[in-house]
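In: model the structure of this input:
(2 chains)
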Amino acid sequence: MRPDARLALAAALIMLALLPPLSSWLTARLATHILGQYLLLASGGALIGTVLGRRADARWTAAPALLVALFTLGFWLLPRWIDAALVDPLAAATKPLALVLLAGLPLGWGWSQAGPLLRGFAVANGASMLLVMGWLQQAVPQRLCNAYLLSDQRTLGLGFLVLAAALVASVLLHALFDRRPAARRGLA
Amino acid sequence: MRAALAAIIVVALGAGALWWGTDGLQALTAEAVRRRDIAAAPRLLPDAELHDQAGQRLHLADYRGAPVVLEFVYTTCPDICLSLGTAFEQLDKALPETARLLSISFDPADDTERLGWFAGRYAAAPPRWRVAGIAEPASRAALLARAGVVVIPDGYGGFVHNAGLYLVDAEGRLTAVFDLDDLEAVRAAFADHAP
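Out: Numbers count the residues shown, from 1 in each chain, chains lettered A, B, ... in the order given. I've put the predicted structure just below:
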(Lines give C-alpha, C1' and ligand atoms only; values in the text may rest on other atoms or scores of the structure.)
Protein backbone atom coordinates (compact mmCIF):
# COMPACT_ATOMS: atom_id res chain seq x y z
CA MET A 1 0.00 0.00 0.00
CA ARG A 2 1.30 3.46 -0.87
CA PRO A 3 2.30 5.74 2.02
CA ASP A 4 -0.45 8.31 1.43
CA ALA A 5 -3.03 5.52 1.25
CA ARG A 6 -1.71 4.14 4.55
CA LEU A 7 -1.95 7.54 6.20
CA ALA A 8 -5.49 8.02 4.89
CA LEU A 9 -6.48 4.60 6.22
CA ALA A 10 -4.84 5.43 9.57
CA ALA A 11 -6.83 8.65 9.83
CA ALA A 12 -10.02 6.77 8.95
CA LEU A 13 -9.40 4.09 11.60
CA ILE A 14 -8.69 6.66 14.31
CA MET A 15 -11.74 8.71 13.39
CA LEU A 16 -13.88 5.59 13.38
CA ALA A 17 -12.71 4.79 16.92
CA LEU A 18 -13.44 8.29 18.25
CA LEU A 19 -16.58 9.41 16.39
CA PRO A 20 -19.24 10.02 19.06
CA PRO A 21 -22.07 7.65 18.09
CA LEU A 22 -19.74 4.78 17.28
CA SER A 23 -17.30 5.40 20.14
CA SER A 24 -20.05 5.20 22.75
CA TRP A 25 -21.32 2.01 21.12
CA LEU A 26 -17.79 0.58 21.25
CA THR A 27 -17.22 1.47 24.89
CA ALA A 28 -20.64 0.16 25.98
CA ARG A 29 -19.18 -3.35 26.15
CA LEU A 30 -15.76 -4.39 27.39
CA ALA A 31 -14.94 -6.65 24.44
CA THR A 32 -15.74 -3.99 21.83
CA HIS A 33 -13.97 -1.36 23.93
CA ILE A 34 -10.70 -3.31 23.88
CA LEU A 35 -10.91 -5.38 20.71
CA GLY A 36 -12.71 -2.61 18.82
CA GLN A 37 -11.69 0.85 19.96
CA TYR A 38 -8.23 0.01 21.32
CA LEU A 39 -7.43 -2.05 18.24
CA LEU A 40 -8.62 0.69 15.84
CA LEU A 41 -6.55 3.35 17.60
CA ALA A 42 -3.43 1.18 17.84
CA SER A 43 -3.78 0.03 14.21
CA GLY A 44 -4.13 3.64 13.06
CA GLY A 45 -0.98 4.55 14.97
CA ALA A 46 0.84 1.48 13.67
CA LEU A 47 0.08 2.40 10.05
CA ILE A 48 1.55 5.87 10.61
CA GLY A 49 4.53 4.22 12.32
CA THR A 50 5.26 1.96 9.35
CA VAL A 51 5.11 4.91 6.95
CA LEU A 52 7.61 6.84 9.08
CA GLY A 53 9.72 3.74 9.73
CA ARG A 54 10.13 2.84 6.08
CA ARG A 55 11.73 6.16 5.31
CA ALA A 56 14.21 5.82 8.16
CA ASP A 57 17.13 3.56 8.83
CA ALA A 58 17.58 3.31 12.57
CA ARG A 59 17.51 -0.36 13.38
CA TRP A 60 18.76 0.17 16.91
CA THR A 61 15.45 1.87 17.75
CA ALA A 62 13.41 -1.27 16.97
CA ALA A 63 13.54 -2.98 20.36
CA PRO A 64 13.10 0.20 22.46
CA ALA A 65 10.16 1.24 20.26
CA LEU A 66 8.44 -2.15 20.66
CA LEU A 67 8.99 -1.90 24.43
CA VAL A 68 7.32 1.53 24.51
CA ALA A 69 4.29 -0.01 22.76
CA LEU A 70 4.25 -2.95 25.18
CA PHE A 71 4.29 -0.78 28.31
CA THR A 72 1.67 1.60 26.93
CA LEU A 73 -0.69 -1.26 26.09
CA GLY A 74 -0.01 -2.84 29.48
CA PHE A 75 -0.87 0.40 31.25
CA TRP A 76 -4.13 1.01 29.40
CA LEU A 77 -5.20 -2.61 29.80
CA LEU A 78 -5.13 -2.28 33.59
CA PRO A 79 -8.78 -2.55 34.73
CA ARG A 80 -8.31 0.62 36.77
CA TRP A 81 -7.49 2.71 33.70
CA ILE A 82 -10.11 1.07 31.49
CA ASP A 83 -12.66 2.19 34.09
CA ALA A 84 -11.03 5.60 34.54
CA ALA A 85 -11.23 6.37 30.81
CA LEU A 86 -15.02 6.09 31.08
CA VAL A 87 -15.53 8.48 33.99
CA ASP A 88 -12.47 10.72 34.28
CA PRO A 89 -12.22 13.37 31.50
CA LEU A 90 -8.42 13.60 31.77
CA ALA A 91 -8.00 9.83 31.41
CA ALA A 92 -10.57 9.83 28.60
CA ALA A 93 -8.54 12.43 26.68
CA THR A 94 -5.16 10.80 27.37
CA LYS A 95 -6.19 7.28 26.36
CA PRO A 96 -6.59 7.78 22.57
CA LEU A 97 -3.44 9.92 22.42
CA ALA A 98 -1.45 7.24 24.24
CA LEU A 99 -2.87 4.38 22.18
CA VAL A 100 -2.14 6.12 18.87
CA LEU A 101 1.17 7.83 19.68
CA LEU A 102 2.71 5.59 22.34
CA ALA A 103 1.29 2.16 21.44
CA GLY A 104 0.45 2.04 17.72
CA LEU A 105 3.09 4.40 16.35
CA PRO A 106 6.12 2.82 18.08
CA LEU A 107 4.71 -0.63 17.24
CA GLY A 108 4.62 0.20 13.51
CA TRP A 109 7.95 1.99 13.64
CA GLY A 110 9.65 -0.76 15.65
CA TRP A 111 8.21 -3.48 13.43
CA SER A 112 9.49 -1.81 10.25
CA GLN A 113 12.94 -1.39 11.79
CA ALA A 114 13.10 -4.85 13.39
CA GLY A 115 14.98 -7.78 11.93
CA PRO A 116 13.38 -11.22 11.58
CA LEU A 117 14.64 -12.45 14.95
CA LEU A 118 13.17 -9.50 16.86
CA ARG A 119 9.94 -9.77 14.88
CA GLY A 120 9.66 -13.45 15.74
CA PHE A 121 10.32 -12.70 19.40
CA ALA A 122 7.75 -9.89 19.43
CA VAL A 123 5.05 -12.10 17.89
CA ALA A 124 5.78 -15.02 20.23
CA ASN A 125 5.75 -12.65 23.19
CA GLY A 126 2.53 -10.98 22.05
CA ALA A 127 0.77 -14.31 21.50
CA SER A 128 1.78 -15.69 24.90
CA MET A 129 0.67 -12.47 26.65
CA LEU A 130 -2.69 -12.63 24.87
CA LEU A 131 -3.06 -16.25 25.97
CA VAL A 132 -2.33 -15.41 29.60
CA MET A 133 -4.66 -12.39 29.57
CA GLY A 134 -7.37 -14.42 27.85
CA TRP A 135 -7.07 -17.20 30.40
CA LEU A 136 -7.09 -14.68 33.28
CA GLN A 137 -10.28 -13.02 32.03
CA GLN A 138 -11.89 -16.42 31.81
CA ALA A 139 -10.68 -17.61 35.22
CA VAL A 140 -11.09 -14.58 37.50
CA PRO A 141 -14.40 -15.04 39.37
CA GLN A 142 -15.00 -11.37 40.22
CA ARG A 143 -15.58 -8.34 38.05
CA LEU A 144 -12.40 -6.41 37.34
CA CYS A 145 -14.08 -3.30 35.93
CA ASN A 146 -16.87 -1.53 37.80
CA ALA A 147 -18.37 -0.44 34.49
CA TYR A 148 -18.65 -3.88 32.90
CA LEU A 149 -20.44 -7.16 33.52
CA LEU A 150 -18.70 -10.42 34.34
CA SER A 151 -20.07 -11.93 31.12
CA ASP A 152 -18.35 -9.08 29.24
CA GLN A 153 -15.08 -10.01 30.87
CA ARG A 154 -15.49 -13.62 29.73
CA THR A 155 -16.20 -12.46 26.17
CA LEU A 156 -13.05 -10.34 26.16
CA GLY A 157 -11.05 -13.31 27.46
CA LEU A 158 -12.37 -15.41 24.61
CA GLY A 159 -11.49 -12.63 22.18
CA PHE A 160 -7.91 -12.51 23.49
CA LEU A 161 -7.61 -16.28 23.04
CA VAL A 162 -8.93 -16.07 19.47
CA LEU A 163 -6.52 -13.21 18.73
CA ALA A 164 -3.60 -15.25 20.12
CA ALA A 165 -4.60 -18.24 17.98
CA ALA A 166 -4.91 -16.02 14.90
CA LEU A 167 -1.46 -14.53 15.54
CA VAL A 168 0.13 -17.97 15.91
CA ALA A 169 -1.72 -19.29 12.85
CA SER A 170 -0.64 -16.37 10.67
CA VAL A 171 3.03 -16.84 11.62
CA LEU A 172 2.73 -20.58 11.08
CA LEU A 173 1.19 -20.09 7.63
CA HIS A 174 3.93 -17.60 6.78
CA ALA A 175 6.60 -20.06 7.86
CA LEU A 176 5.04 -23.01 6.03
CA PHE A 177 4.35 -21.28 2.75
CA ASP A 178 7.31 -18.93 2.52
CA ARG A 179 9.08 -20.25 -0.56
CA ARG A 180 11.87 -17.66 -0.56
CA PRO A 181 15.38 -19.08 0.00
CA ALA A 182 16.50 -19.09 3.61
CA ALA A 183 19.17 -16.44 3.01
CA ARG A 184 16.61 -13.95 1.68
CA ARG A 185 14.33 -14.57 4.62
CA GLY A 186 17.19 -13.41 6.80
CA LEU A 187 17.04 -16.50 8.96
CA ALA A 188 20.14 -18.23 7.62
CA MET B 1 25.01 -0.55 22.76
CA ARG B 2 22.71 2.44 22.30
CA ALA B 3 19.86 -0.03 21.63
CA ALA B 4 20.49 -1.67 25.01
CA LEU B 5 20.76 1.70 26.74
CA ALA B 6 17.54 2.95 25.14
CA ALA B 7 15.79 -0.31 26.04
CA ILE B 8 16.89 0.00 29.68
CA ILE B 9 15.61 3.59 29.81
CA VAL B 10 12.26 2.53 28.30
CA VAL B 11 11.91 -0.34 30.76
CA ALA B 12 12.72 1.97 33.67
CA LEU B 13 10.19 4.59 32.51
CA GLY B 14 7.59 1.93 31.71
CA ALA B 15 7.99 0.26 35.09
CA GLY B 16 7.75 3.70 36.71
CA ALA B 17 4.52 4.43 34.83
CA LEU B 18 3.00 1.09 35.87
CA TRP B 19 4.12 1.66 39.47
CA TRP B 20 2.48 5.10 39.44
CA GLY B 21 -0.62 3.79 37.66
CA THR B 22 -1.22 1.10 40.26
CA ASP B 23 -0.27 3.06 43.40
CA GLY B 24 2.79 0.88 43.81
CA LEU B 25 1.03 -2.30 42.61
CA GLN B 26 -1.59 -1.79 45.33
CA ALA B 27 -4.55 -0.85 43.16
CA LEU B 28 -5.06 -2.60 39.83
CA THR B 29 -8.83 -2.03 39.75
CA ALA B 30 -11.02 1.04 40.14
CA GLU B 31 -12.67 -0.68 43.10
CA ALA B 32 -9.32 -0.99 44.90
CA VAL B 33 -8.62 2.69 44.18
CA ARG B 34 -12.02 3.69 45.59
CA ARG B 35 -11.48 1.76 48.82
CA ARG B 36 -7.99 3.16 49.29
CA ASP B 37 -9.23 6.71 48.61
CA ILE B 38 -12.06 6.38 51.12
CA ALA B 39 -9.80 4.88 53.79
CA ALA B 40 -7.23 7.65 53.25
CA ALA B 41 -9.74 10.52 53.07
CA PRO B 42 -13.19 9.79 54.53
CA ARG B 43 -16.03 11.31 52.50
CA LEU B 44 -18.90 13.28 53.97
CA LEU B 45 -22.04 11.74 52.49
CA PRO B 46 -24.74 14.13 51.24
CA ASP B 47 -28.06 14.01 53.02
CA ALA B 48 -31.02 12.32 51.34
CA GLU B 49 -34.65 11.85 52.25
CA LEU B 50 -35.34 8.15 52.82
CA HIS B 51 -38.54 6.11 52.99
CA ASP B 52 -38.29 2.83 54.85
CA GLN B 53 -40.04 -0.56 54.89
CA ALA B 54 -42.61 0.75 57.36
CA GLY B 55 -43.47 3.69 55.11
CA GLN B 56 -41.80 6.12 57.49
CA ARG B 57 -39.93 9.13 56.06
CA LEU B 58 -36.61 10.16 57.53
CA HIS B 59 -33.24 11.63 56.53
CA LEU B 60 -29.87 10.01 56.18
CA ALA B 61 -28.56 12.85 58.35
CA ASP B 62 -30.83 11.60 61.17
CA TYR B 63 -28.27 8.84 61.62
CA ARG B 64 -25.56 11.31 62.60
CA GLY B 65 -24.37 11.03 66.18
CA ALA B 66 -23.55 7.33 66.01
CA PRO B 67 -21.78 5.11 63.49
CA VAL B 68 -23.91 3.13 61.06
CA VAL B 69 -23.22 0.33 58.57
CA LEU B 70 -24.66 0.94 55.10
CA GLU B 71 -25.17 -1.32 52.14
CA PHE B 72 -26.62 -0.54 48.70
CA VAL B 73 -29.12 -3.02 47.29
CA TYR B 74 -32.18 -3.43 45.11
CA THR B 75 -34.98 -5.61 46.37
CA THR B 76 -35.52 -7.80 43.29
CA CYS B 77 -31.82 -8.68 43.12
CA PRO B 78 -31.27 -12.40 42.67
CA ASP B 79 -27.68 -12.79 43.86
CA ILE B 80 -25.30 -10.23 45.32
CA CYS B 81 -27.92 -8.37 47.39
CA LEU B 82 -28.95 -11.65 48.97
CA SER B 83 -25.34 -12.03 50.08
CA LEU B 84 -25.49 -8.44 51.32
CA GLY B 85 -28.69 -9.25 53.20
CA THR B 86 -27.08 -12.30 54.74
CA ALA B 87 -23.99 -10.29 55.71
CA PHE B 88 -26.25 -7.76 57.46
CA GLU B 89 -28.15 -10.58 59.12
CA GLN B 90 -24.88 -11.76 60.64
CA LEU B 91 -23.86 -8.20 61.57
CA ASP B 92 -27.28 -7.84 63.20
CA LYS B 93 -26.27 -10.64 65.58
CA ALA B 94 -22.61 -9.62 65.99
CA LEU B 95 -22.74 -5.84 66.50
CA PRO B 96 -23.58 -4.11 69.79
CA GLU B 97 -27.20 -3.19 70.47
CA THR B 98 -26.66 0.47 69.74
CA ALA B 99 -25.37 -0.24 66.23
CA ARG B 100 -27.57 0.69 63.30
CA LEU B 101 -27.82 -1.04 59.95
CA LEU B 102 -29.17 0.66 56.84
CA SER B 103 -29.87 -1.07 53.52
CA ILE B 104 -30.39 1.61 50.89
CA SER B 105 -32.06 0.68 47.63
CA PHE B 106 -30.84 2.40 44.48
CA ASP B 107 -33.77 1.09 42.45
CA PRO B 108 -36.43 3.84 42.02
CA ALA B 109 -39.04 1.08 41.56
CA ASP B 110 -38.54 -0.14 45.13
CA ASP B 111 -41.65 1.10 46.96
CA THR B 112 -42.69 0.46 50.54
CA GLU B 113 -44.10 -2.94 49.64
CA ARG B 114 -40.94 -4.17 47.93
CA LEU B 115 -38.73 -2.76 50.69
CA GLY B 116 -40.96 -4.74 53.04
CA TRP B 117 -40.31 -7.99 51.13
CA PHE B 118 -36.58 -7.51 51.41
CA ALA B 119 -36.81 -6.61 55.10
CA GLY B 120 -39.13 -9.53 55.78
CA ARG B 121 -36.68 -12.01 54.35
CA TYR B 122 -34.24 -11.16 57.15
CA ALA B 123 -36.73 -10.02 59.80
CA ALA B 124 -35.14 -6.57 59.56
CA ALA B 125 -36.97 -4.07 61.74
CA PRO B 126 -36.39 -0.36 62.48
CA PRO B 127 -34.68 1.24 64.22
CA ARG B 128 -32.01 -1.50 64.31
CA TRP B 129 -32.12 -2.34 60.59
CA ARG B 130 -33.88 -0.14 58.09
CA VAL B 131 -34.41 -0.99 54.46
CA ALA B 132 -34.96 2.31 52.70
CA GLY B 133 -35.41 3.86 49.29
CA ILE B 134 -34.58 7.39 48.15
CA ALA B 135 -37.49 9.16 46.46
CA GLU B 136 -35.60 12.10 44.98
CA PRO B 137 -33.56 11.04 41.87
CA ALA B 138 -31.03 13.87 42.28
CA SER B 139 -30.20 13.02 45.88
CA ARG B 140 -30.03 9.31 45.01
CA ALA B 141 -27.52 10.03 42.25
CA ALA B 142 -25.53 12.36 44.52
CA LEU B 143 -25.29 9.78 47.29
CA LEU B 144 -24.24 6.97 44.92
CA ALA B 145 -21.65 9.19 43.24
CA ARG B 146 -20.20 10.35 46.55
CA ALA B 147 -19.90 6.77 47.80
CA GLY B 148 -18.48 5.64 44.45
CA VAL B 149 -21.24 3.11 43.84
CA VAL B 150 -21.45 2.22 40.15
CA VAL B 151 -24.74 0.63 39.07
CA ILE B 152 -25.07 -0.84 35.58
CA PRO B 153 -28.01 -2.71 33.99
CA ASP B 154 -27.38 -6.46 33.84
CA GLY B 155 -29.25 -6.87 30.55
CA TYR B 156 -32.04 -8.91 32.17
CA GLY B 157 -33.94 -6.07 33.81
CA GLY B 158 -31.79 -6.09 36.94
CA PHE B 159 -28.58 -4.35 37.99
CA VAL B 160 -24.97 -5.14 38.68
CA HIS B 161 -23.09 -3.02 41.22
CA ASN B 162 -19.85 -2.89 43.14
CA ALA B 163 -21.02 -4.32 46.44
CA GLY B 164 -19.55 -3.72 49.86
CA LEU B 165 -20.24 -2.95 53.50
CA TYR B 166 -19.90 0.79 54.17
CA LEU B 167 -18.94 2.15 57.55
CA VAL B 168 -20.22 5.67 58.21
CA ASP B 169 -18.98 7.43 61.34
CA ALA B 170 -20.91 9.59 63.79
CA GLU B 171 -20.17 12.70 61.69
CA GLY B 172 -21.79 11.16 58.62
CA ARG B 173 -18.51 10.46 56.90
CA LEU B 174 -17.92 7.30 54.90
CA THR B 175 -14.71 5.97 56.44
CA ALA B 176 -14.29 2.46 55.04
CA VAL B 177 -15.63 -0.07 52.53
CA PHE B 178 -15.31 -3.76 53.37
CA ASP B 179 -15.86 -6.97 51.45
CA LEU B 180 -19.10 -8.81 52.14
CA ASP B 181 -17.31 -11.69 53.82
CA ASP B 182 -15.06 -9.47 55.91
CA LEU B 183 -17.52 -9.16 58.80
CA GLU B 184 -14.74 -9.36 61.36
CA ALA B 185 -13.19 -6.16 59.97
CA VAL B 186 -16.57 -4.38 60.20
CA ARG B 187 -16.99 -5.56 63.77
CA ALA B 188 -13.49 -4.43 64.70
CA ALA B 189 -13.87 -1.05 62.97
CA PHE B 190 -17.23 -0.56 64.59
CA ALA B 191 -15.72 -1.22 68.02
CA ASP B 192 -13.13 1.51 67.28
CA HIS B 193 -15.79 4.01 66.23
CA ALA B 194 -18.36 3.28 68.92
CA PRO B 195 -18.57 5.89 71.68
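
In: doesn't residue B:58 belong to a strand?
Out: Yes: using DSSP: H, G, I helix; E, B strand; the rest coil, the assignment for residue B:58 is a strand.

In: which residues touch the residue nearest to it when sequence neighbours are not counted?
Out: In space, residue B:58 comes closest to residue B:50 once its chain neighbours are excluded; the distance is 5.4 Å by CB to CB, 6 or more residues apart in numbering or on different chains. Where you see a C-beta, it was placed from the backbone N, CA and C, and this is true even at glycine. By CB atoms under 8 Å, 6 or more residues apart in numbering or on different chains, residue B:50 lies in contact with B:57-60, B:104, B:130, B:132-134.

In: okay if I get those as a markdown table plus pLDDT and neighbour count?
Out: A markdown table is the format used below for the contacts of residue B:50 (pLDDT from 0 to 100; neighbours: other CB atoms under 10 Å in any protein chain shown):
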| residue | pLDDT | neighbour count |
| --- | --- | --- |
| B:57 | 94 | 10 |
| B:58 | 94 | 15 |
| B:59 | 94 | 12 |
| B:60 | 94 | 22 |
| B:104 | 94 | 25 |
| B:130 | 93 | 24 |
| B:132 | 94 | 25 |
| B:133 | 94 | 25 |
| B:134 | 94 | 23 |
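
In: whichever strand or helix holds the residue nearest to residue B:58 pairs with which strands, and in what direction?
Out: In this structure, residue B:50 sits in strand B:49-52 according to DSSP states H and E. Here strand B:49-52 has these sheet partners by DSSP bridges: strand B:57-59 (antiparallel), strand B:129-134 (antiparallel).

In: check which helix or strand covers residue B:119.
Out: Per DSSP H and E: helix B:112-121 holds residue B:119.

In: and that helix, what's buried?
Out: B:114-116, B:118-119 (16 or more other CB atoms under 10 Å in any protein chain shown).

In: now it: mean pLDDT?
Out: What helix B:112-121 shows for mean pLDDT is 91.

In: what angle do that helix and strand B:129-134 make?
Out: 160 degrees (axes from the mean of the first three to the mean of the last three CA atoms, to 10 degrees).

In: check which helices and strands helix B:112-121 sits against.
Out: If contacts are counted by 3 or more CB pairs under 8 Å, 6 or more residues apart in numbering or on different chains; DSSP states H and E, helix B:112-121 sits against strand B:49-52, helix B:80-94, strand B:100-105, strand B:129-134.

In: any idea of the pLDDT on the residue nearest to residue B:58?
Out: At residue B:50, the pLDDT recorded in the model is 94.

In: who's it bridged to?
Out: Beta-bridge partners, per DSSP bridges, of residue B:50: residue B:58, residue B:134.

In: count of neighbours near residue A:40?
Out: Residues near residue A:40, counting by other CB atoms under 10 Å in any protein chain shown, number 24.

In: who touches whatever helix or strand it lives in?
Out: Using DSSP H and E, residue A:40 falls within helix A:39-55. Applying CB under 8 Å, 6+ apart, the external contacts of helix A:39-55 come out as A:3, A:6-7, A:9-14, A:16-18, A:65, A:69, A:73, A:96, A:99-101, A:103-113.

In: what about the longest helix in chain B?
Out: helix B:2-21 (DSSP state H).

In: do the next helix-or-strand element following that one and chain A meet?
Out: Scanning forward in sequence from helix B:2-21 by DSSP H and E, the next helix or strand is helix B:30-40. Yes: using CB under 8 Å from any CB of the partner chain, helix B:30-40 reaches chain A at B:30-33.

In: list just the nearest of the residues you listed to chain A.
Out: Set against chain A, the nearest of the residues of helix B:30-40 next to chain A by CB to the nearest CB is residue B:30 (3.7 Å).

In: for that closest one, give me its contacts.
Out: By CB under 8 Å, 6+ apart, the residues touching residue B:30 are A:79-80, A:83-84, A:145-147.

In: out of those residues, what pair is the most spread apart?
Out: A:80 and A:147 (11.3 Å; CB to CB).

In: and residue A:41, how far from residue A:17?
Out: Separation of residue A:41 from residue A:17 (CB to CB, to the nearest Å) stands at 5 Å.

In: find residues that contact each of the two.
Out: Any residue near both residue A:41 and residue A:17 by CB under 8 Å, 6+ apart counts here, and that gives residue A:96.

In: burial of the nearest residue to residue B:86 once chain neighbours are set aside, as a residue count?
Out: Distances taken as CB to CB, 6+ apart put residue B:122 closest to residue B:86, at 7.7 Å, once the chain neighbours are dropped. Using other CB under 10 Å, residue B:122 has 17 other residues around it.

In: again, but for residue A:177
Out: 7.

In: pLDDT weak spots in chain B?
Out: For chain B, the stretches with pLDDT under 70 are B:193-195.

In: equivalent analysis for chain A, please.
Out: A:180-188.

In: look up how far residue B:38 lies from the nearest residue to residue B:88 once chain neighbours are set aside.
Out: Leaving aside its chain neighbours, residue B:88 sits nearest to residue B:101 (5.3 Å; criterion: CB to CB, 6+ apart). For residue B:101, the distance to residue B:38 equals 19 Å [CB to CB].

In: quick one, which of the two is more surrounded?
Out: residue B:101 (23 against 20).

In: kindly state the beta-bridge partners for that one.
Out: residue B:69, residue B:129.

In: counting by contacts, list what the helix or strand hosting residue B:138 packs against.
Out: Per DSSP H and E: residue B:138 is located in helix B:137-147. Helices and strands touching helix B:137-147, as assessed by 3+ CB pairs under 8 Å, 6+ apart, comprise strand B:43-44, strand B:68-73.

In: rerun at 10 Å
Out: strand B:43-44, strand B:49-52, strand B:68-73, strand B:100-105, strand B:129-134, strand B:173-178 (3 or more CB pairs under 10 Å, 6 or more residues apart in numbering or on different chains; DSSP states H and E).
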